[in-house]
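[1] Turn this into a structure:
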Amino acid sequence: MSPSSIFSANTSTESSKNQNPNSKMEQAFKRTQILTNHLLQSAPSSQTLSSNACLSYSPPELSENYAFDIKDMRKLIDRHNLEERDWLFGLMKQSKLFNPKVRGGKVFVSPDYNQSMEQQREMTLKRIEYLLEKGAFKGWLTEKGEDIEMRKFAGFEVCSIYDHSLFTKLGVHFFLWGGAIQFFGTKHHHDKWLRDTENYSIKGCFAMTELGHGSNVRGLETVTTYDSNTGEFVINTPCESAQKYWIGGAANHATHTVVFSQLHINGTNQGVHAFIVQIRDADGNICPNIRIVDCGHKIGLNGVDNGRIWFDNVRVPRENLLNSVADVSPDGKYLSSIENPDQRFAAFMAPLTVGRVNIAISSVYQSKVALATSIRYALTRRAFSLKQNEPEVLLLDYPSHQRRLFPLVAKTYAMSFAANYLKMLYVKRTPQSNKTIHIVSSSFKATFTWNNMQILQECREACGGQGLKTENRVGQLKGEYDVQSTFEGDNLILMQQVSKALFAEYMAAQKRNKVFKGLGLEHMNKPCPVIPLQLTSTTLRCSQFQMDALCLRERDLLNRFVADVSKCKAKGESNEQAFMMCYELAQDLGKAFSDRAIFQTFVDAETTLPAGSLKDVLGTLRSLYALICIEDVSFLQYGYLSVDNGANVRREITKLCTELRPHALALVSSFGIPDAFLGPIAFNWIEANAWSSV
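    Below you'll find the predicted structure:
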């Protein structure tokens, strides 16, 4: 008997007080008959009640068709190391460390978030040790070349699908600690530290962020001086705001850290430098003159032991300075081939873009988990009948549900292609491409993580009450991945950096009277695109129109931004003050750059395909992605679209969603995520909620 039936049966007693005994007996008889029919599953005799047999689960594979080869689509969006990914998925599925549970006749693996913070941390460490034993990290730091870089990316992507804590703890150790030694260090650092880091006999962390300074790395307050009498650096935390904060791995497990500190030589501050410091001995005891305190429980990511660190005259050998950019001689002289402090700082920070690259990429995979779960659920969950005595309608057959989810699928495909582009940009990096990598990674990291949070929220709501259950993953992922909006740079600040870089490109081209080259800004050299007065369906689906519209917005906003900043400077404002006063345009410009750059990667991927069903479906997705970008309020705000054309765009989006409906299962199956890594509601959600499963 449903709760609503019980409620109505109970509340009816109040109104029955004024009824005669015969009427009361009749109602009691009716209720008894209802219960009897329900228990015996027999048809009710009264015409006031309709038969409502329990719903039965039918796998969507029985009714949904695949119009294209999902293996080919997966190759296109995952692009590399597919066998390695599947091997790593298999390692996780076969170990009890990954918390396998049976729901609805299937095995699912996901962390037990009901465990205490301490238990989650220990489980994260055990999972890393298990993967290490199986050879999952072999060569990650000791081998070189594009192949190992791409293998490392694939491994991190799989780990991020399972658990953000596992991904983050590995990322801090390999990409941040290990990456700092690789890029900031020189040969003797590599020989001494990299193999032990890869073998996890040394557990590293990355002490950059402070209580008082996060995004503003130049403002760090930790101070290091050099003692030429002993040949040692002396590291100090001079005040409370200088304590190292949110340092992943510091609270429990890390044995060493890279400390970012202002380097003072003979009374002169030479800026931020990096030093290797041991913080625990072989027995796990905190080293002398170091204080470490736990950061405490968080809204997510509790499998990572974030800590706070203070240094009190901590001495380290001179060779512990990571000296690829600058060095200090034994007698205390500061040495660097880069004289300009700004350029030196830029060279010093350039390798850290890998953190943003990795975060951007991983966020795409959380979107895939949420969409695969919510769309599979919507292909089997029914709600309401359109006509009496007809079956209830599948959630995904409602146009509103399609409009809710399919644009997010298009965004996720677009981000997949952009992520692949970003990975290759990073792997093939040169000193000349560092600026481009910084700008693109900043833009994509902000856009991808914002998109991910929007996707997780919509998918949570689209799953209704089932989205609240931790085991179904979608709701839990919101708390786990929320931090990515501020990891490796606050998103708003990153977008402002993008706009500043575009401003610099504009001014340089104008000053030298040269064409734009790089960052995809070559469209600025061509005549300004014009949007037709009347947008037809054919025009709206044309990739050239879509690119023109996105380029028009970027071009106009860049011109506006340059003009407004220049006006502020003409009034005597400093560069920084002028940029601050134009922050709204800066945000719009950053978004315009990102949307256009992502769209270009989508077009590039589509052009690699021969004619056929795969290309046709991808073209529909590409049009949907472009139009949801064009639907953005900025196109009306700045006058690129008329109100009527804006309405045409919205109508076309609805049509595209309807056209994608037959491909829904194929599109999310192409993500290549094994069933075990999705939420149980993606499959037999009725059996998954049976009493026997609790």
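
[2] Going by C-alpha atoms from here, please, whenever you check contacts or count neighbours.
    Fine.

[3] got any ranges where this protein has weak pLDDT?
    By pLDDT under 70, the weakly predicted segments of the chain are 1-53, 351, 692-694.

[4] how does it divide up, domain by domain?
    Per the record's domain assignment (the TED database), the chain is made up of the domains 70-184, 204-339, 520-661.

[5] any chance of the ones you listed in CSV, plus mean neighbour count?
    Putting these into CSV (neighbours: other CA atoms under 10 Å) gives the following:
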stretch, mean neighbour count
domain 70-184, 18
domain 204-339, 19
domain 520-661, 18
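
[6] Between these, which one is closest to R382.
    Taking CA to CA as the criterion, R382 comes closest to domain 520-661 out of those, the separation being 15.7 Å.

[7] Now the terminal residues of that closest one, how far apart.
    With CA to CA, to the nearest Å as the measure, the first residue of domain 520-661 is 33 Å from its last.

[8] what do you get for stretch 241-249?
    For stretch 241-249, the first and last residues are 20 Å from each other (CA to CA).

[9] C-alpha coordinates for stretch 381-391, PDB please?
    Coordinates of each C-alpha in stretch 381-391 appear next as PDB, following Å, rounded to 0.1, in the frame of the first residue of the first chain:
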ATOM      1  CA  ARG A 381      11.800   5.300 -15.700                       C
ATOM      2  CA  ARG A 382       8.200   6.300 -16.500                       C
ATOM      3  CA  ALA A 383       6.000   9.100 -15.200                       C
ATOM      4  CA  PHE A 384       2.300  10.100 -16.000                       C
ATOM      5  CA  SER A 385       0.100   8.800 -18.800                       C
ATOM      6  CA  LEU A 386      -1.000  11.100 -21.600                       C
ATOM      7  CA  LYS A 387      -4.400   9.400 -21.900                       C
ATOM      8  CA  GLN A 388      -6.400   7.300 -19.400                       C
ATOM      9  CA  ASN A 389      -5.500   3.600 -19.300                       C
ATOM     10  CA  GLU A 390      -2.400   4.100 -21.500                       C
ATOM     11  CA  PRO A 391       1.200   3.300 -20.300                       C
END
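
[10] list the buried ones in that stretch?
    Using 16 or more other CA atoms under 10 Å as the burial criterion, the residues of stretch 381-391 that qualify are 381-382.

[11] contact partners of it?
    In this structure, residues lying in contact with stretch 381-391 by CA atoms under 8 Å, 6 or more residues apart in numbering are 392-395.

[12] Now do P111 against V304, distance only.
    Between P111 and V304 the distance is 13 Å, computed by CA to CA.

[13] Is it correct that L176 falls within a strand?
    No. Under the criterion used here (DSSP: H, G, I helix; E, B strand; the rest coil), L176 is helix, not part of a strand.

[14] follow-up on the earlier one: what sits in contact with each of P111 and V304?
    Shared between the contact lists of P111 and V304 (criterion: CA under 8 Å, 6+ apart) there are no residues.

[15] quick one: Q119 from A282, how far?
    For Q119, the distance to A282 (CA to CA) stands at 22 Å.

[16] before we move on, what about L422?
    Using CA to CA, one gets 39 Å for the distance from L422 to A282.

[17] Fine by me, thanks again.
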